[in-house]
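S.K.: Just the structure for this:
(one chain, ligands or ions: 1)
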Amino acid sequence: MMTTRASLHTLGCRLNQAETSILGEGLKRKGFELVEFGQPTDLLVLNTCAVTEDAERTSRYLIRKTLKHSPHAFIAVTGCYAQTGMESLKQQAGIDLIVGHQFKLDLPAFLPPAHELRKRPAAEIRHAKAIERGDFELPYFAESEATRALLKIQDGCSAMCSFCIIPFARGHERSRTFEDIQREVEVLAARGYREVVLTGVNIGQYAHQGRDFCSLLRWFDQAAGFERIRISSIEPTTVGEELLDLLASSKKLCPYLHIPLQSGDDQILQAMNRRHTIKSYIKLIEKALVTIPNLGLGTDLMVGFPGETETAFQNTLAVATDFPFSYLHVFPYSSRPGTAAVRLKQRILPASIKKRADLLLALDRAKRLAFHNKQIGKTISVLFESGTRDGYSFGTASNFTRVGITVSGDFQNHILPVTITAATDRCAFGHITSDSQTNPAMAIPTL
Ligand code: SF4
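M.R.: Model prediction:
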């Protein structure tokens, strides 16, 4: 019997990636054979993003592109853009199913059995304007990346930052039930994952039946099965001393924090409706850097928010320069219909936005190089990925440093001590401390 192929593609954040993995599991149970995105397929599931206008444009382009190489493919669209841009997606030819956020993980259930899949004359819509508030369980457990499991613990956000579409796309904050998390942890541990990445929109707001984020982390710290627990992006207002002390004292929690700053100017932060000030943010990261040895510290910076004067931008540049971030994620402001910032005047010219973004991107490269250089001479534990590239095997250190070694063995899914001997802005290089197969005196490739 012919198999029915399905390909999945994710735009946007780690949480979307975790959800695409859950959808993939559901499709396999339904009899689909998963093929790589871009290959001829019978079904495309596109998990979209709505954070920028560009992400929406990309979604529409990918649908057209898929229909070019697979004209009979059934096209199912879900994710944030399916929630916020349903009306415009309905107008696009070739889409068979649009599933809003409320029903996202039920998408496989809305499809006919694999062998009965046919294109529809018009898109079927599964969409709820208001997303329910209750805590949740997940229908399937995901197949994650080979070595790191993405584990969704939370969804939605109630912070209402004035530029952000997420509260409209994903609804209010809600948490996954603790029992459901426990069940998935057992499955993932049995599958042999060494690291689990806790994902959500505003994970520091995790709360279920009296258990808050720190008590959840304490449970993870004791749970059998994983050597590493990593926290994905976390809002500054939800990081307190208790969390920093936990990260410092635990052998499993990775010394890594990604804490979005967005702007280094208090007036802009206020206009963004962010809950922190520059002073409170700096106090927090100074404390984090003192408390947690060799911390990997990343942040998000937005440029071109309405009203961002040259002085305001220089304030952002100064904070980003002065503090030892290990990397910067730089985003140009994108006006999102329905958000409060849409009404703000004083738009920034695209050329100025680009110039500011370029300055911060150059700083990002310098930050990465400085952080990688700081690792030279240190021995750090690295979780290795599958395969090799240009004779190198790559992995990720607990503080999120990307590390390459020359190898003659397969170290996939092993956590090994690596002494760092060299660095570029992309990567640090070294050799396994207790292994003579590697060559510490290697040339640094341009990766
Ligand atoms: S904290 Fe702000 S930026 Fe982050 S998801 Fe919530 S509303 Fe958006």
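S.K.: From now on I want contacts and neighbour counts done on CA atoms only, so please keep to that.
M.R.: Will do.
S.K.: State which helix of this structure is the longest.
M.R.: helix 350-374 (DSSP state H).
S.K.: Mind giving me the packing neighbours of that helix?
M.R.: If you count contacts as 3 or more C-alpha pairs under 8 Å, 6 or more residues apart in numbering; DSSP states H and E, helix 350-374 packs onto strand 296-303, helix 310-322, strand 327-332, strand 415-423.
S.K.: run the last query once more with 10 Å
M.R.: If contacts are counted by 3 or more C-alpha pairs under 10 Å, 6 or more residues apart in numbering; DSSP states H and E, helix 350-374 sits against strand 296-303, helix 310-322, strand 327-332, strand 415-423, strand 428-432.
S.K.: Spell out which parts of the stretch 51-200 of the chain neighbour the ligand.
M.R.: With the criterion set to C-alpha under 6 Å from any ligand atom, the stretch 51-200 of the chain comes near the ligand through 157, 159, 160, 161, 164, 166, 167.
S.K.: could those residues go into CSV alongside distance to residue 147 and pLDDT?
M.R.: What follows is those, written out as CSV (distance: C-alpha to C-alpha, whole Å; pLDDT from 0 to 100):
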residue, distance to residue 147, pLDDT
157, 29, 96
159, 33, 95
160, 34, 96
161, 34, 97
164, 32, 96
166, 29, 94
167, 31, 94
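S.K.: Can you add neighbour count and give the residues you listed back as TSV?
M.R.: Formatted as TSV, these follow (neighbours: other C-alpha atoms under 10 Å):
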residue	neighbour count
157	22
159	16
160	18
161	20
164	25
166	22
167	20
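S.K.: can you tell me which of the residues you listed are in helices?
M.R.: 166, 167.
S.K.: mind putting the residues of the stretch 51-200 of the chain next to the ligand in JSON lines, distance to residue 120 included?
M.R.: Formatted as JSON lines, those follow (distance: C-alpha to C-alpha, whole Å):
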{"residue": "157", "distance to residue 120": "34"}
{"residue": "159", "distance to residue 120": "39"}
{"residue": "160", "distance to residue 120": "37"}
{"residue": "161", "distance to residue 120": "39"}
{"residue": "164", "distance to residue 120": "34"}
{"residue": "166", "distance to residue 120": "30"}
{"residue": "167", "distance to residue 120": "31"}
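S.K.: Put the alpha carbons of stretch 278-297 into CSV.
M.R.: C-alpha atoms of stretch 278-297 as CSV (Å, rounded to 0.1, in the frame of the first residue of the first chain):
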residue,chain,number,x,y,z
ILE,A,278,16.8,49.7,33.5
LYS,A,279,17.9,49.9,37.1
SER,A,280,15.9,46.8,38.2
TYR,A,281,17.2,44.9,35.1
ILE,A,282,20.8,45.8,35.8
LYS,A,283,20.5,44.9,39.4
LEU,A,284,19.1,41.5,38.4
ILE,A,285,21.8,40.6,35.9
GLU,A,286,24.6,41.9,38.2
LYS,A,287,23.3,39.5,40.9
ALA,A,288,22.9,36.7,38.4
LEU,A,289,26.5,37.1,37.1
VAL,A,290,27.9,37.1,40.7
THR,A,291,25.8,34.2,41.9
ILE,A,292,26.1,31.8,39.0
PRO,A,293,29.7,30.9,37.9
ASN,A,294,30.4,31.1,34.1
LEU,A,295,26.8,32.0,33.3
GLY,A,296,25.7,32.2,29.7
LEU,A,297,23.5,35.3,29.6
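S.K.: ok now it, how far from the chain's centre?
M.R.: The gap between where stretch 278-297 is centred and where its chain is centred comes out at 21 Å by C-alpha atoms, centre = their mean, to the nearest Å.
S.K.: dump the residue contacts of residue 33.
M.R.: Residues near residue 33 by C-alpha atoms under 10 Å, 6 or more residues apart in numbering: 3, 4, 5, 6, 7, 24, 27, 41, 42, 43, 114.
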